[in-house]
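Chemist: Build the 3D model from these lines:
(one chain, ligands or ions: 2)
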Amino acid sequence: MADGYRSVFAPGLFDGRLMIVTGGGSGIGRCIAHELASLGAHVAITGRRIERLETVRTEIEDVGGAVSCHAFDIRDEAAVVAAIAEIIAAHGPIFGLVNNAGGQYPSPAEELSVKGWDAVIRNNLTGGFIVSREAYKQSMAEHGGSIVNIIADIWGGMPTMAHSGAARAGMLNLTETTACEWARSGVRVNAVAPGWVASSGFDTYDDAMKAELRRLRDEIPLGRYGNESEVSAAVTFLLTPGAAFISGSCIRVDGAVPNHRHTWTNVPTDRSIAFDGFPLATLPECLR
Ligand SMILES: CCCCC/C=C/C(=O)SCCNC(=O)CCNC(=O)[C@H](O)C(C)(C)COP(=O)(O)OP(=O)(O)OC[C@H]1O[C@@H](n2cnc3c(N)ncnc32)[C@H](O)[C@@H]1OP(=O)(O)O
Ligand SMILES: NC(=O)C1=CN([C@@H]2O[C@H](COP(=O)(O)OP(=O)(O)OC[C@H]3O[C@@H](n4cnc5c(N)ncnc54)[C@H](OP(=O)(O)O)[C@@H]3O)[C@@H](O)[C@H]2O)C=CC1
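Modeler: Ligands and ions are numbered 1, 2, ... in the order given. The predicted structure follows:
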């Protein structure tokens, strides 16, 4: 058997627990699925493209993990209702839900059609709402659980991302509100806000955006992009009993970007001696 994901969290922490990761067929979601499975969870990965989910299923099974694949669009209400019911029937109550699926396309605000605006709002707000509502109604209202919503760096304007920023800001308030409403059922709801994370998501950018990203890297106080395992560690923490009194919160995983203001002296760009901490989760070969 190949080496599995080496998480910083305790082996067996989630033994037999059901976790759902939307958008688990690529990038950050795939990494989270690997980490949760390495801690003993049964991970139900979802996405629109079944082939990508099957590839991740093989990766996780090859290192001894438990995983199932469920193809549906998070914006399709009937499909979500049916898929959540199917997952629960097969694998038991939902312990954790990670609303990770999402994405957008860049456009100046004045050029956005209402159809395009709606497509992105539905992808990054309505979809997460539908999946959360169904996880709550069909399982967590009775059994409790934990939800983590992946949003983005919304602390300030991001030109060409008005639709996505508005949707993610809505998702943050949905996080805060459902944390209050569903606390009575033993449900915690939190968010993780990634900054610039070098993931498969970057592959969807055109050359102009990639050039822009290289420039942006120099403006990240920690001097580099984040990686998928750093987002996954924050998500995993929020799902653990270590976060039992944390709800309605958001962990930013962004190298301090929203804290950086342009002043007379810029932060140095050479951080070659930056403190490295201790080795965080080590990715298996397939994720490097
Ligand atoms: C807060 C900022 C966050 C910044 C950091 C975030 C980083 C990342 O998210 S990394 C992950 C990146 N991955 C992606 O973003 C890819 C995901 N994108 C998509 O899946 C799609 O683009 C979509 C879901 C956002 C839209 O697809 P869909 O709903 O299937 O929409 P349609 O193709 O039916 O189009 C509807 C409508 O939307 C407009 N539109 C869609 N794509 C584009 C485009 N590339 N350029 C311009 N306009 C687009 C357009 O108006 C479409 O209508 P029609 O023109 O009539 O087709
Ligand atoms: N990478 C980064 O720098 C940042 C990423 N984010 C967010 O983090 C999340 C993960 O991003 P990342 O891994 O980088 O990018 P990816 O594009 O690799 O991941 C997005 C995943 O979501 C799935 N997905 C998208 N739309 C839908 C839908 N309507 N229904 C079901 N599944 C869907 C995709 O699968 P499929 O297409 O097969 O459906 C894909 O697996 C996204 O929400 C992204 O916007 C936020 C801030 C920064």
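Chemist: From now on I want contacts and neighbour counts done on CA atoms only, so please keep to that.
Modeler: Will do.
Chemist: what's whichever strand or helix holds residue 177 packed up against?
Modeler: Following DSSP states H and E, one finds residue 177 within helix 162-181. Here helix 162-181 touches helix 114-121, strand 145-150, strand 187-194, going by 3 or more CA pairs under 8 Å, 6 or more residues apart in numbering; DSSP states H and E.
Chemist: any idea of the mean pLDDT in the shortest one?
Modeler: Strand 145-150 shows an average pLDDT of 98 in the prediction.
Chemist: does ligand 1 sit close to that strand?
Modeler: No: applying CA under 6 Å from any ligand atom, one finds strand 145-150 separated from ligand 1 by no less than 10.0 Å.
Chemist: Can you list the strands that that strand pairs with?
Modeler: According to DSSP bridges, strand 145-150 has the following sheet partners: strand 94-99 (parallel), strand 187-194 (parallel).
Chemist: Mean pLDDT added to the ones you listed, as CSV?
Modeler: Converted to CSV, these look like this (pLDDT from 0 to 100):
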stretch, mean pLDDT
strand 94-99, 98
strand 187-194, 99
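Chemist: export these to JSON lines and tack on distance to ligand 1 and mean neighbour count?
Modeler: Supplementary listing: the strands paired with strand 145-150 in JSON lines, determined by distance: least, CA to the nearest ligand atom, whole Å; neighbours: other CA atoms under 10 Å:
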{"stretch": "strand 94-99", "distance to ligand 1": "13", "mean neighbour count": "26"}
{"stretch": "strand 187-194", "distance to ligand 1": "8", "mean neighbour count": "26"}
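Chemist: I'd like to know which of those strands lies nearest to ligand 2.
Modeler: strand 187-194 (4.6 Å; CA to the nearest ligand atom).
Chemist: circling back to that earlier point, can you tell which of the helices and strands packed on helix 162-181 is closest to residue 45?
Modeler: Shortest distance between residue 45 and the helices and strands packed on helix 162-181, using CA to CA, is found for strand 145-150: 14.6 Å.
Chemist: okay, the angle between that closest one and helix 162-181?
Modeler: Going by axes from the mean of the first three to the mean of the last three CA atoms, to 10 degrees, strand 145-150 is angled at 160 degrees with respect to helix 162-181.
Chemist: So which bits of strand 145-150 are buried?
Modeler: For strand 145-150, a neighbour-count test (16 or more other CA atoms under 10 Å) marks 145, 146, 147, 148, 149, 150 as buried.
Chemist: The fourth one contacts residue 193, doesn't it?
Modeler: Read that as residue 148. No: Residue 148 is beyond contact range of residue 193, at 10.3 Å (criterion: CA atoms under 8 Å).
Chemist: residues bridging contact with these two, i.e. touching both?
Modeler: By CA atoms under 8 Å, 6 or more residues apart in numbering, residue 148 and residue 193 have no common neighbours.
Chemist: what residues does the stretch 51-200 of the chain put near ligand 1?
Modeler: 103-105, 113, 115-116, 119-120, 123, 152, 154, 161, 164-165.
Chemist: Those residues, buried ones only, as a ChimeraX selection?
Modeler: Remark: buried members of those, expressed as a ChimeraX selection using 16+ other CA under 10 Å:
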select :104,119,120,123,152,154,161,164,165
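Chemist: Just send the residues of the stretch 51-200 of the chain next to ligand 1 back as JSON lines, with distance to residue 6 too.
Modeler: Listed next are those as JSON lines, based on distance: CA to CA, whole Å:
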{"residue": "103", "distance to residue 6": "28"}
{"residue": "104", "distance to residue 6": "31"}
{"residue": "105", "distance to residue 6": "34"}
{"residue": "113", "distance to residue 6": "45"}
{"residue": "115", "distance to residue 6": "43"}
{"residue": "116", "distance to residue 6": "40"}
{"residue": "119", "distance to residue 6": "37"}
{"residue": "120", "distance to residue 6": "34"}
{"residue": "123", "distance to residue 6": "31"}
{"residue": "152", "distance to residue 6": "26"}
{"residue": "154", "distance to residue 6": "31"}
{"residue": "161", "distance to residue 6": "35"}
{"residue": "164", "distance to residue 6": "33"}
{"residue": "165", "distance to residue 6": "33"}
